[in-house]
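Trainee: predicted model, plus sequence, below.
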Amino acid sequence: MPTPTAAAAHDAFFPDVVPTLAGTDPELVEILANFALEDVPAHCELEIRTRLLTQLAALVGAGASAEFRVIAGAALTVGVSPVQLKELVYQAVPYVGIGRALDFVHATNDLLEQLGVPLPLPSQSTTDRETRAAAGRAVQEQIIGSDRVAAQYANAPDDEQHIQQWLSAHCFGDHYTRTGLDLPTRELLTLAILVGLGGADNQVRGHVAANLNVGNGRGRLLALVSGLVPFVGYPRALNALAAIDALTVDA
């Protein structure tokens, strides 16, 4: 069985969850509890609700729906709101696609319904069909810079212009303009989603830069990645650290 310390840490965050592997894999349970619930928090200075949201975001990226359900329950226990949890899942849609994201929408809805939370939740949308493109481009320019957005449009071939328009209107206009989460938090979550997704090194680097633009400095980004290590593994975490170092060391 886990040590008393590891068990206490587990119970503090997962009061209603029995570790089903405790009977079959007690040593692994102890390793995971000691690492994820004791070692990692000591080196992840993100506020607990933000840390859990970023870990959930990485789990969405990784497609780990079973662990998502467990951590989501813990997040709601320590004060993450149903709106914040749902907004995290919505934020993932443009990055992981509807095929993966809808599994997590259903998982979130199941959890909220079990807790007696009435659905649908209050609307967080601030745009409509007519305003989403302009509002999206405005927040896109705020996040990644107006010169870079202009260059993306200018450098895209004519037959790819619609992709740039979709990025502005859908990725940014439909998602980043929503309430429920502030812009710096959304950027942290986007980076966590991409780290969990893997194989998106160019996008990870781009969103490291975007995080820096919205005020998430090196220390906050290092804390983010430290908190993700147990959930995404070392290769993806080290790739993220390389992107952070490239943009912040001696910058």
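Mentor: In hand now; what should we look at?

Trainee: C-alpha only now, for contacts and for neighbours.
Mentor: Fine.

Trainee: could you pull out the helices for this protein?
Mentor: Secondary structure of the chain, counting by DSSP state H: helices at 4-13, 26-34, 40-43, 48-62, 65-77, 82-96, 98-114, 132-144, 146-155, 161-166, 183-197, 201-213, 218-232, 234-248.

Trainee: output these as TSV; include the columns distance to residue 175 and mean pLDDT.
Mentor: As requested, those are exported to TSV (distance: least, Cα to Cα, whole Å; pLDDT from 0 to 100):
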stretch	distance to residue 175	mean pLDDT
helix 4-13	29	47
helix 26-34	34	87
helix 40-43	29	82
helix 48-62	15	96
helix 65-77	21	93
helix 82-96	6	98
helix 98-114	14	97
helix 132-144	8	98
helix 146-155	17	97
helix 161-166	12	98
helix 183-197	9	98
helix 201-213	15	97
helix 218-232	21	96
helix 234-248	23	97
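
Trainee: now for those helices, which one comes closest to residue 120?
Mentor: helix 98-114 (9.0 Å; Cα to Cα).

Trainee: contacts for that closest one, please.
Mentor: Helix 98-114 has contacts (Cα atoms under 8 Å, 6 or more residues apart in numbering) with 60, 63, 65, 68-69, 72-73, 82, 85-86, 89-90, 92-93, 118-119.

Trainee: that older thread, and the helices of the chain as CSV, adding mean neighbour count and distance to residue 176?
Mentor: Formatted as CSV, those follow (neighbours: other Cα atoms under 10 Å; distance: least, Cα to Cα, whole Å):
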stretch, mean neighbour count, distance to residue 176
helix 4-13, 16, 29
helix 26-34, 17, 34
helix 40-43, 15, 28
helix 48-62, 24, 15
helix 65-77, 19, 22
helix 82-96, 20, 8
helix 98-114, 16, 16
helix 132-144, 20, 7
helix 146-155, 13, 15
helix 161-166, 15, 13
helix 183-197, 25, 7
helix 201-213, 20, 13
helix 218-232, 21, 19
helix 234-248, 18, 22
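
Trainee: touching, residue 75 and residue 51? I think so.
Mentor: No - here residue 75 does not reach residue 51: they are 9.2 Å apart, not a contact under Cα atoms under 8 Å.
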